[in-house]
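*Asks:* Turn this into a model:
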Amino acid sequence: MNKSWCTLLVAAGLGFTTLTATAQAVVSINQLQAELKAGQYANVVNEVNAALPQSAPALAAELYMVKGAALAGEKKFADAALAYLRVPFCYPQAFAAPEALLRAAEIEVGPLKDPAAATRILQKLVQTYPRTVQALHAKHLLAQHLRK
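*Replies:* Numbers count the residues shown, from 1 in each chain. Got it, this is the predicted structure:
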């Protein structure tokens, strides 16, 4: 049976954190978000890349969200969309998963000019996370797309 590397990490028990580690992670995410606001995108990407190997799944999902924003800030839109898409596919239970799909779709339809890819991502969002605010927004975007 083939298992993805994400599943293997969780199965290996790397998905458990202590309260202290979680508190430190929140500070790290807040610090990274402050650096994003300051436009220090390359620095944020480097810090995220350094933190990911030892991060628990919940933190890794948040780190990929921050990385996606930093890459978008650097105008590396294809890489940003991929960073966002890692969240729902590697960490489908993560709180940020629906938002990650929405952001990836927005990049696909906007800077990457690939409405077909955006439509597939939005449909995945609606199908996988139907009771979220992001799914409601995705339904609205899909309806607008069909009207065009």
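
*Asks:* Based on its surroundings, how many neighbours for Tyr64?
*Replies:* Residues near Tyr64, counting by other CB atoms under 10 Å, number 25. Backbone N, C-alpha and C define where each C-beta goes, glycine included.

*Asks:* thinking Leu52 is in contact with Val66, fair?
*Replies:* No: between Leu52 and Val66 there is no contact under CB atoms under 8 Å: 10.6 Å.

*Asks:* Look at those two and report which has more neighbours.
*Replies:* Higher neighbour count among Leu52 and Val66: Val66, with 23 against 14, using other CB under 10 Å.

*Asks:* Chain neighbours aside, what residue packs nearest to that one?
*Replies:* Leu32 (4.8 Å; CB to CB, 6 or more residues apart in numbering).

*Asks:* Secondary structure element holding that neighbour?
*Replies:* Element membership for Leu32, per DSSP states H and E: helix 19-37.

*Asks:* Spatially central residue in this protein, please.
*Replies:* In the chain, the residue lying closest to the centroid (CA atoms, centre = their mean) is Tyr84, at 3.1 Å.

*Asks:* in the helix or strand just after the helix holding Leu32, what counts as buried?
*Replies:* Downstream of helix 19-37, the first helix or strand assigned by DSSP H and E is helix 41-51. Under the neighbour-count criterion of 16 or more other CB atoms under 10 Å, helix 41-51 has Tyr41, Val44, Val45, Glu47, Val48, Ala51 buried.
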